[in-house]
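Undergrad: Next comes the sequence, and after it the predicted model I'd like to discuss.
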Amino acid sequence: MKLTIKKILTLPSLKGLKVIAGRGGIDKLVTTATFGEVPGYEYIKNGEFVITTGYFFREDPMGLIDLIVNMKKYGASGLGIKLGRFIDEIPKEVIKVANSLNLPIIAVPIELSASDITSPVQAEIINKQAKRLEFSDKILRLFTNKMILGGNIKNVIDNLSDILQKNVIYYDKYFEEHVIGKFNRDLNMNFDNSRLNKMISTKKSIKIEMEYRTYGYIILSENQQEYNLTDFEKIAIEHASTVIKLQVQKKISNYQIESNYRNEFVQDLITDNVTSLEELNRRGEIYGWNFEKGKIVVVVDIDNFKSQYLQSDDYNPTKEIINIREEIFLDTRKHLKKYFNDIIHGNFSDYMVILLDHGNEDVSIFINKLKETCDKLRKVINKSYRFTVSIGIGKYMEYVKNVHHSYYQAKKAIKLGRIIYGNDNTIYYNELGIFNLLQSIYQSSEAQRFCRDKVGKLIEYDEKHGTNLFENVKVLSKNDWNLKKSSEELFIHYNTMKYRFKRISEILKLDLSNSEQKLNIAISLKLIQMNE
């Protein structure tokens, strides 16, 4: 229990003390009691209970107002003053100020000396500190002994739940796990992530944080986040948090060692460095990975990650960026696990590689589902972080030994997708079409000459006359030169579209009913798009 002015008033040796002003502040914590006569406001400490005879104010009791204002400013707990020796009564104006500031003024009986007050108060403070230290030592030994004997986070939460006599849950955000304390006889064991996240926002919760990252939460049963913990509750939770942090670090360290081996295996898979099917299956068994079916490769690449990493000069921002990368990879894994089983994954530099099989679904249905899932993932990451991701999807490979082809396709899809569409897109290699063919030539002088020959006159016409016929050609080509569909997309009348089509043909001096000439236009538009 904290020592307050209110508590001091109940001490047997100080029963003669009486509150004469500022009763609204009697619950303020008292950390020390001192005696003083001459104001030295700058030396007043937070939580200090100041005792005075009032000698300094004997000629001008109104000077107490200045003292009270400064005591409030520096966080003092209250003022004890002897009445009847140098000051007979406190002026009404002083009482009014003390009441408005909720700074207690305590009348001290004339027969009590300063030490009669400061000694029991200091003794009470020391006694409470000793109790806190004793309790702290007891709790720390309880938790550490449990760990020495091979305990885990579940044991810590069980003990904490017993100590607090409250429902306690530990939500491990990193591994998406939760632990319920044994005090929780009435709690349903089935918690999904959405329910746990709701509990964090509605109940009293304490973050488990290390180096800019939140790894989990200790959640208490109280329904108010603003619930004030007692000193002893704070001590117990603080020690539990420390032990949990050590356990989390140990668990993550073990996981990262395993991840390094897993990443090496995935790298061997996607670079065709697995010598036999036997090696594939034996190494896969370690992680519970099944290679009976074919696989498709998905690459999730963080946009502009390396440039931001290199621009970060000092240690902490760099550390923060690395943590963000890990959290993006973690969220990616969690998101995909909601939609697909048997996920094989590996983390590299600024991208993540995921291998999936179609299960019992038709491959085309599976790929459509995969594209939708990747689009949702991009939105989640875009909303949660200052980074975006580009996602490439390779072709489905019936034989796992050929999965490296799917990987190179996924990487190529990202590279081309960024050229064509920019960052933050999902690109399926099979849908790149002619862009895939044009990749090797789109920046060449021959390609630029080809574009000028096919549509250059139209671009020049638009610049000279302030028209937008080139944009109309883009829409026409996209809609397979269907005038009706193009007019609807451009929100213009069909006859207007017919006129523009005729005018475009005249400017380009082409017969746009000729399929070969339409193909040339389409290719030039793709090349221009890749160079934009």
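TA: Received it, and whenever you're ready, just let me know what you need.
Undergrad: Would you mark the buried spots in the longest helix along the chain?
TA: Looking across the chain with DSSP state H, the single longest helix is helix 231-270. Neighbour-count burial for helix 231-270, counted by 16 or more other CB atoms under 10 Å, picks out 232-233, 235-237, 239-241, 243-244, 247-248, 251-252, 262-263, 265-266, 268-270. In this view, the C-beta of every residue, glycine as well, is placed from N, C-alpha and C.
Undergrad: any idea how far the nearest residue to residue 493 once chain neighbours are set aside is from residue 515?
TA: In space, and not counting its chain neighbours, residue 493 is closest to residue 487: 6.6 Å by CB to CB, 6 or more residues apart in numbering. For residue 487, the distance to residue 515 equals 21 Å [CB to CB, to the nearest Å].
Undergrad: try residue 215
TA: In terms of CB to CB, residue 215 sits 61 Å off from residue 515.
Undergrad: of the two, who's got more company?
TA: residue 215 (20 against 9; other CB atoms under 10 Å).
Undergrad: The more buried one should be in a helix, yeah?
TA: No. Counting by DSSP: H, G, I helix; E, B strand; the rest coil, residue 215 is not part of a helix but strand.
Undergrad: residues in contact with it?
TA: 172-174, 208-209, 245, 248, 252 (CB atoms under 8 Å, 6 or more residues apart in numbering).
Undergrad: try 6 Å this time
TA: Going by CB atoms under 6 Å, 6 or more residues apart in numbering, residue 215 touches 173-174, 208, 248.
Undergrad: now, which of those residues lie within helices?
TA: residue 248.
Undergrad: can you list the contacts of residue 215 in a markdown table and add pLDDT and distance to residue 103?
TA: Formatted as a markdown table, the contacts of residue 215 follow (pLDDT from 0 to 100; distance: CB to CB, whole Å):
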| residue | pLDDT | distance to residue 103 |
| --- | --- | --- |
| 173 | 85 | 44 |
| 174 | 83 | 47 |
| 208 | 91 | 38 |
| 248 | 91 | 44 |
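Undergrad: and residue 526, what element?
TA: Using DSSP states H and E, the element containing residue 526 is helix 515-531.
Undergrad: Report the rounded mean pLDDT for stretch 502-510.
TA: When pLDDT is averaged over stretch 502-510, the result is 91.
Undergrad: my bad, stretch 82-98
TA: Averaged over stretch 82-98, pLDDT sits at 91.
Undergrad: for stretch 355-362, same thing?
TA: On average, stretch 355-362 scores 89.
Undergrad: quick one: buried residues of that stretch?
TA: 355-358.
Undergrad: List just the nearest of those residues to residue 91.
TA: When those are compared for distance to residue 91 (CB to CB), residue 356 wins out at 81.5 Å.
Undergrad: Touching, that closest one and residue 339? I think so.
TA: No. Counting by CB atoms under 6 Å, residue 356 does not reach residue 339; the two are 9.5 Å apart.
Undergrad: Point out where this structure drops to low pLDDT.
TA: In the prediction, the chain carries residues with pLDDT under 70 at positions 1, 38-39, 183-194, 222-226, 309-318.
Undergrad: Which parts of it are strands?
TA: Assigned by DSSP state E, the chain shows strands spanning 18-21, 32-35, 48-52, 78-82, 105-108, 168-172, 177-180, 205-210, 213-220, 296-302, 344-348, 351-356, 389-393, 426-428.
Undergrad: Pairing partners for the shortest one, with directions?
TA: Sheet neighbours of strand 426-428, with direction, are listed as strand 389-393 (parallel) (DSSP bridges).
Undergrad: what does the partner strand contact?
TA: 298-303, 374, 378, 381, 410, 413-414, 423, 425-428.
Undergrad: Check the offset of that strand from the chain's centre.
TA: 22 Å (CA atoms, centre = their mean, to the nearest Å).
Undergrad: Kindly report the same for stretch 250-261.
TA: Chain-centre distance of stretch 250-261: 22 Å, with CA atoms, centre = their mean.
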